[in-house]
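Chemist: with the input below, show me the fold.
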Amino acid sequence: MLNDINGPVYLVDDDEAIIDSITFLMEGYGYKLISFNSGDLFLSSVDLATAGCVILDARMPGLSGPEVQQLLTEANSPLAVIFLTGHGDVPMAVDAFKQGAFDFFQKPVQGKVLSNSIEKGLLYSIRQHWKMHHLALIDGLSEREKQIFKLVIAGNTNKQMSNELCVAVRTIEVHRSKLMDKLGVQNIAELMKLAPLV
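Modeler: Here you go, the predicted structure:
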């Protein structure tokens with residue numbers, strides 16, 4: 001079964017044999033992995049603000065997997081982190097999950113299991129990226145536009161908003177149009193998808 005979810009999948013491991021093996025294995029599931037042999041190289045080469053999935057070896061020279069994960073968290077990256085380790089233990093896995101890891105496996109891992117985790121990780125990352133993008137857009141609204149946004153999603157008509165805010169209906173229409181442009185939505189249905197973010 002080939003994946004039908006788009007997004008980069010990165011593999012960070014210092015062992016070339018592991019990189020070759022996992023890359024070959026995941027190609028059978030339709031994933032083209034982009035590999036790095038160190039956490040430093042990965043962090044300096046990738047746009048951390050995009051959606052995707054990163055498979056991290058927990059123990060590597062230089063930056064360890066948990067250290068890379070910490071830096072991703074600090075960068076507010078939407079990348080889903082899947083840990084692979086030959087030296088896994090329960091405390092390490094617990095710490096990884098507390099820091100926001102998406103999944104944690106001990107090597108060797110079955111291809112189907114890893115493929116399923118990648119697929120779910122990509123979906124999660126895409127949702128996180130969408131949420132972060134739209135939160136930034138909402139943050140860019142003026143205070144009046146935010147007021148009108150909240151009133152629109154509460155089901156108020158332009159006339160009701162006009163009465164509540166003591167402004168002309170035309171003023172409401174202008175602000176409503178601007179906020180929809182800024183949020184990149186075409187209609188109320190699209191605007192309502194953003195309601196949980198406010």
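Chemist: please enumerate the strands of this structure.
Modeler: 9-12, 33-36, 53-57, 80-85, 103-106 (DSSP state E).
Chemist: mind listing what the third one pairs with, with the direction of each?
Modeler: It stands for strand 53-57. Using DSSP bridges, the strands paired with strand 53-57 are strand 9-12 (parallel), strand 80-85 (parallel).
Chemist: which of the ones you listed has the lowest average pLDDT?
Modeler: When those are ranked by mean pLDDT, strand 80-85 comes last with a mean of 93.
Chemist: isn't K120 up against L114?
Modeler: No - in this structure K120 lies outside contact range of L114 using Cβ atoms under 8 Å: 10.9 Å. The way it works is simple: take the backbone N, C-alpha and C, and place the C-beta from them, glycine included.
Chemist: looking at these two, which one has more neighbours?
Modeler: Using other Cβ atoms under 10 Å as the criterion, K120 and L114 rank with L114 on top: 21 against 16.
Chemist: how big is the angle separating the longest helix anywhere in the chain from strand 53-57?
Modeler: In the chain, taking DSSP state H as the definition, the longest helix is helix 111-139. With axes from the mean of the first three to the mean of the last three Cα atoms, to 10 degrees defining the directions, helix 111-139 sits at 120 degrees from strand 53-57.
Chemist: helix 111-139 packs against which elements?
Modeler: When contacts are defined as 3 or more Cβ pairs under 8 Å, 6 or more residues apart in numbering; DSSP states H and E, helix 111-139 packs onto helix 16-27, strand 53-57, strand 80-85, strand 103-106, helix 169-183.
Chemist: of all the ones you listed, which lies closest to S125?
Modeler: Closest approach to S125 among the helices and strands packed on helix 111-139 (Cβ to Cβ): strand 80-85, 4.3 Å.
Chemist: what stretches of this structure score poorly on pLDDT?
Modeler: Applying pLDDT under 70 to the chain flags the ranges 1-5, 88.
Chemist: not counting its neighbours along the chain, what's nearest L63?
Modeler: G39 (3.3 Å; Cβ to Cβ, 6 or more residues apart in numbering).
Chemist: what is the burial count for that neighbour?
Modeler: Neighbour number of G39 under other Cβ under 10 Å is 26.
Chemist: related to what we said a few turns ago, which one of the helices and strands packed on helix 111-139 lies nearest to T73?
Modeler: Across the helices and strands packed on helix 111-139, closest to T73 is strand 80-85 (Cβ to Cβ), at 8.9 Å.
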